[in-house]
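Trainee: What follows is a predicted protein model with its sequence.
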Amino acid sequence: MASHETEAVVLKIFDHGESDKIITFFTSDFGKITAIAKGAKRSKKRFVGKLELFNHLQILIADNKFSSLFRVDEAELLNPFPPLRMDYERFVCSTLASELILNWTADHDQDENLFHLLTWTYGQLTKNAPKPTLLLFQLHLLTLLGFHLHLSSCSQCGAEVSISRNFSFFSPKNGVVCSTCFSLQEGQSANIPLSLGTIRLLEKARQLTIDKWPRLHFSKQSLKESIALFQSHNAFLLQRDILSWRELHSL
Ligand SMILES: [Zn+2]
């Protein structure tokens, strides 16, 4: 067995047997990994308060050539982000960010940019408006994964986004289409109507670095439209529903 030290966040955790815990981490050096913490349910010292959802840790792990399961030997708490557990809306948004990483990343696929985006987002979710923060996280996640949303003109005819036409988001095109082009699509899948304000806001957000996010303001309408857009686009791209989007809709 070889030991490795890495930064990690806790994405998922469950009890295993009498005394162990199984944890899915997103790590800076190994991407998403699953590890067993032996004796973690009983240990009063070694892991207490550390192996909890959203915690940002420094961990010492050992790999095993006979199994994909790592073993956690030590964990040091770097940031517990307490407000994420004390406010329901922050909790739902943080859970959704974790679920998006769980669904969008493959095991052992290292990506330091994604790791930085996730830890930075948890930090922002402790103090800034949760829904806009989560939506901006989602937008940048898609960009980092190679899905650059097409938002400045109709993805079909190229007509510039303006007040003179209605636009909606159309997942098969990974961008907006005008109402004329949408009516010509065969076997129409769901389209998400977007106001001009929402399209312009998302396009601006796409171009900003994450440190400029707090300057952006989402109206109630933009929040509602963006949540509908990302819920639907994730379901289209992943071919499965992420349940926390529904919870976010109802808040
Ligand atoms: Zn068009």
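Mentor: Received the coordinates, thanks. What you see is a predicted model; the values in this text were computed from it and never measured.

Trainee: Stretch 211-223: end-to-end distance?
Mentor: Terminal residues of stretch 211-223 lie 20 Å apart, using C-alpha to C-alpha, to the nearest Å.

Trainee: need the helices for the stretch 151-251 of the chain, in chain order.
Mentor: Using DSSP state H, counting those that start in this stretch, the helices of the stretch 151-251 of the chain run over residues 179-184, 196-207, 220-238, 244-250.

Trainee: what about dumping the CA coordinates of the first one to PDB?
Mentor: Below are the C-alpha coordinates for helix 179-184, written out as PDB (Å, rounded to 0.1, in the frame of the first residue of the first chain):
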ATOM      1  CA  SER A 179     -39.000  31.400 -31.900                       C
ATOM      2  CA  THR A 180     -39.000  31.100 -35.700                       C
ATOM      3  CA  CYS A 181     -36.200  28.500 -35.700                       C
ATOM      4  CA  PHE A 182     -37.700  26.600 -32.700                       C
ATOM      5  CA  SER A 183     -41.000  26.200 -34.500                       C
ATOM      6  CA  LEU A 184     -39.200  24.500 -37.400                       C
END
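
Trainee: any residue of stretch 144-163 up close to the ion?
Mentor: Yes: shown here: stretch 144-163 in contact with the ion (C-beta under 5 Å from the ion) through C154, Q156, C157, A159. Every residue, glycine included, has its C-beta placed from N, CA and C.

Trainee: and that stretch, what's its mean pLDDT?
Mentor: Mean per-residue pLDDT for stretch 144-163: 94.

Trainee: Run the chain-centre distance for it.
Mentor: The chain centre lies 22 Å from the centre of stretch 144-163; the measure is C-alpha atoms, centre = their mean, to the nearest Å.

Trainee: For the closest residue to L184 other than its chain neighbours, list the residues it contacts.
Mentor: Using C-beta to C-beta, 6 or more residues apart in numbering and skipping the chain neighbours, the partner closest in space to L184 is Q156 (7.9 Å). The contact partners of Q156, by C-beta atoms under 8 Å, 6 or more residues apart in numbering, come to K173, V177, C178, C181, L184.
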